[in-house]
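In: I'd like to go over a predicted model; first the sequence, then the structure.
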Amino acid sequence: MSTTIIPSAPQTSTAFGDLQTPHTKSWQRFLRVFLGRKVVIFGAVIIAILIFVALTADWITPYDPYQQNLRESLKPPSSAHWLGTDALGRDTLSRIIYGTRTSLAVGVNSVGLAALIGMTLGLLAGYLGGWISTLIMRCVDALMAIPPLMLALAIGAALGGGLNNVIISLGISLIPTYVRLMRGQVLAVKQSDYIKASEIIGSSDLRTMLAHVLPNCLSPLIVLITLNLGVAIIAEAGLSFVGLGITPPGAAWGSMVNDGYRYLLSNPILSFAPGFCVMLVVLAFNLVGDGLRDALDPRLRGTL
Amino acid sequence: MIVFVVRRLIETVVVLVLVSFIAFSLLHITPGDPALFILGDTATPERIQALRQELWLDQPLYVQYARWATNLLQGNLGNSIVFRESVAKLFAVRLPITFHLGIVALFLSILVSIPAGILSAVRRGGWLDSIINVSANLAMAVPIFWLGILGIYFFALNLRWLPVQGYTAPTDDFWLSTRQLVMPAICLALVPLASLTRQTRSSMLEVIRQDYIRTARSKGLSEWQVITEHALKNAIIPVVTLLGMQLRNLVGGAILVEQVFNIPGMGRLLVSGVFGKDYILVQGMVMIVGVVVALANLAVDISYGYIDPRIRYDE
């Protein structure tokens, strides 16, 4: 990811009506590039299916994902249970369907948390500079010295398991990238004449930051957010696999892989199916993220 | 150059002090009394009081930190709550195991990714480029713990080519050790491999279209010479930066890989520490890894001067 990216859609064009034309053209160009590649559409379709399944899980699951039935335990795939049943006789397909909720909830919330905090800190560090910038960036360096999964585990250890704590610990471990990217963007945008103009007409720092700097820094951050959704989902799966994620009856793909691992020889599908879902969803977010980058930033087209 | 190294050294020390704040505060973000949280409701009041004293929880926060940091500087990481043994001793046994796994994975990823990235860039748009791109995309998306399980199922349980799990020191039985390490090392190498390949490809593409490459070609140099002697030298710099950052991925990945393949390294130790609410162990681990990562980044920064003669620090 490059550090300085020219925003494709100038959003401070209100003073000149004729700037509206390139605005719509760039929007058309965005759609053309974005939808022009089959893999990106493939990724977008997977994400759409994921969201649909997560929203309608209550209606489309064939069985209750928490309903135990020991007489039906460890059944191979059949017409009654398409992906078989686990050691407690719960339907694997239903649990995978409910797992989409966990993945999406953790992905969206932890990335949202990280983006909100990280972008705020990056904006402050880049715009204000000075000792505030030094302080923020050294803290970011310190956070970056600890591997994200390890940091998430350590924070999780202190806070305990459960959905909210997983979101908090993953969110914190994702913050540094946003601060760095946002700061780099702000430093580049700050040099523009319209920022100087805004300062000259006496706008407050807050107004300049929110109304002029922020909107012109967004496109690479949108790409990062998309790519990070995949990162968060795979990290959540890792945490759940280790056992420090969603607490037992809850359905999470990572813990399903771990539960199935014990029955690998007899029922490999118990591990294979949920892990495959993780891969598919992460791949989808990565493909869409790459597509967004190519569409939002013409300079990177064809090189990455 | 010396000024730069000294400045980076000071920065590294500042970062490590901040890492120590993070590690220290882990014990204190627990809900309620840390001693009670660690030992659980069933512990006797005497036991809780003893632990409070052992962790200096009855002292003011700054005294606690000062004592903890002083011990840290003397190499005393405290005693593990779960293992009832010195944390430094626990690390001494497990660190070499994770290091062995990590170094093999790192070499594997460098050996594969740089040639793959170059090939992909040189044959841009061809079928080889497509295959390498698709593989890199898949490798970034696959959960490595799941890939490990797939590997165990196919190569160990069904084909019986490789042992299922476990770790043997290479000094005990080199052949068995290597066979046991094949799958874990591949799984661990995967993420660095994919990102290094992508970076090599894109920075090669950037360099290849520059004028001096055209000049080199028109001088009549062979394509091999142009690529290895002219293009690669400039393309490799961002790859080295990324290489420095891969250490984090390797440590994070080792946690999962060691869990799947039952390797008694730092990753498994961390997981048992987390489940045993062994904060002393977790704090020590965060510190050790923080030091290693910070020093690696320092080494990468300093090495730029040797890789790229255009970079001069004293300006």
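Out: Now that the structure is in, tell me what you want to look at.

In: Show the pLDDT at the closest residue to residue A:71 other than its chain neighbours.
Out: Distance criterion CB to CB, 6 or more residues apart in numbering or on different chains; nearest residue to residue A:71, sequence neighbours excluded, is residue A:89 at 6.8 Å. For the C-beta atoms, the positions are set from N, CA and C on the backbone; glycine is no exception. Note for residue A:89: predicted pLDDT of 72.

In: Give the helix, strand or coil label for residue A:89.
Out: Three-state call for residue A:89 (DSSP: H, G, I helix; E, B strand; the rest coil): coil.

In: What backbone torsions are found at it?
Out: Per-residue torsions, residue A:89: phi 80, psi 20 (degrees, to the nearest 10).

In: quick one: whichever residue of the stretch 51-200 of chain B sits closest to chain A from residue B:223, how far?
Out: Using CB to the nearest CB, the closest approach of the stretch 51-200 of chain B to chain A is made by residue B:146 at 3.1 Å. From residue B:146 across to residue B:223, the span is 40 Å (CB to CB, to the nearest Å).

In: Count the residues that sit near whichever residue of the stretch 151-300 of chain A sits closest to chain B.
Out: Going by CB to the nearest CB, chain B is nearest to residue A:275 of the stretch 151-300 of chain A, at 3.1 Å. Residue A:275 is flanked by 27 other residues according to other CB atoms under 10 Å in any protein chain shown.

In: Surely it is in contact with residue B:149?
Out: Yes - counting by CB atoms under 8 Å, residue B:149 is a contact partner of residue A:275 at 7.1 Å.

In: hey, what's in contact with both of these two?
Out: In terms of CB atoms under 8 Å, 6 or more residues apart in numbering or on different chains, residue A:275 and residue B:149 are both contacted by the residues residue A:257.

In: re earlier: would you mind telling me which of residue B:146 and residue B:223 has the busier surroundings?
Out: Per other CB under 10 Å, whichever of residue B:146 and residue B:223 has more neighbours is residue B:146, with 29 against 11.

In: Phi, psi for that one please.
Out: Torsion angles, degrees, to the nearest 10, at residue B:146: phi -70, psi -40.

In: Surely it is in contact with residue A:278?
Out: Yes - Residue B:146 lies in contact with residue A:278 (CB under 8 Å); the separation is 6.7 Å.

In: overlap in contacts of the two?
Out: Shared contacts of residue B:146 and residue A:278 (CB under 8 Å, 6+ apart): A:237, A:257.

In: And the helices in chain A, which stretches?
Out: Along chain A, the stretches classed as helices by DSSP state H are A:20-35, A:38-60, A:92-128, A:130-144, A:148-159, A:163-190, A:193-200, A:205-207, A:218-242, A:253-261, A:269-296.

In: can you put these in JSON lines and add distance to residue B:209?
Out: Below are the helices of chain A laid out as JSON lines (distance: least, CB to CB, whole Å):
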{"stretch": "helix A:20-35", "distance to residue B:209": "21"}
{"stretch": "helix A:38-60", "distance to residue B:209": "25"}
{"stretch": "helix A:92-128", "distance to residue B:209": "31"}
{"stretch": "helix A:130-144", "distance to residue B:209": "32"}
{"stretch": "helix A:148-159", "distance to residue B:209": "35"}
{"stretch": "helix A:163-190", "distance to residue B:209": "24"}
{"stretch": "helix A:193-200", "distance to residue B:209": "31"}
{"stretch": "helix A:205-207", "distance to residue B:209": "42"}
{"stretch": "helix A:218-242", "distance to residue B:209": "23"}
{"stretch": "helix A:253-261", "distance to residue B:209": "43"}
{"stretch": "helix A:269-296", "distance to residue B:209": "18"}
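
In: residue contacts, residue A:89?
Out: A:68-75.

In: Residue A:185 contacts residue A:126, doesn't it?
Out: Yes - between residue A:185 and residue A:126 there is a contact at 7.2 Å, judged by CB under 8 Å.

In: got any residues that touch both of those two?
Out: With CB under 8 Å, 6+ apart, residue A:185 and residue A:126 have no common neighbours.

In: Next to chain A, which bits of the stretch 151-300 of chain B? Give me the list.
Out: B:152-153, B:157, B:198, B:202, B:205-206, B:248-249, B:251-253, B:255-256, B:259-260, B:270-271, B:273-275, B:277, B:279, B:282, B:285-286, B:289-290, B:293-294, B:297 (CB under 8 Å from any CB of the partner chain).

In: Buried residues in the helix or strand hosting residue B:202, which are they?
Out: Secondary structure from DSSP states H and E places residue B:202 in helix B:174-208. Neighbour-count burial for helix B:174-208, counted by 16 or more other CB atoms under 10 Å in any protein chain shown, picks out B:177, B:180-208.

In: With that, I have no additional questions.
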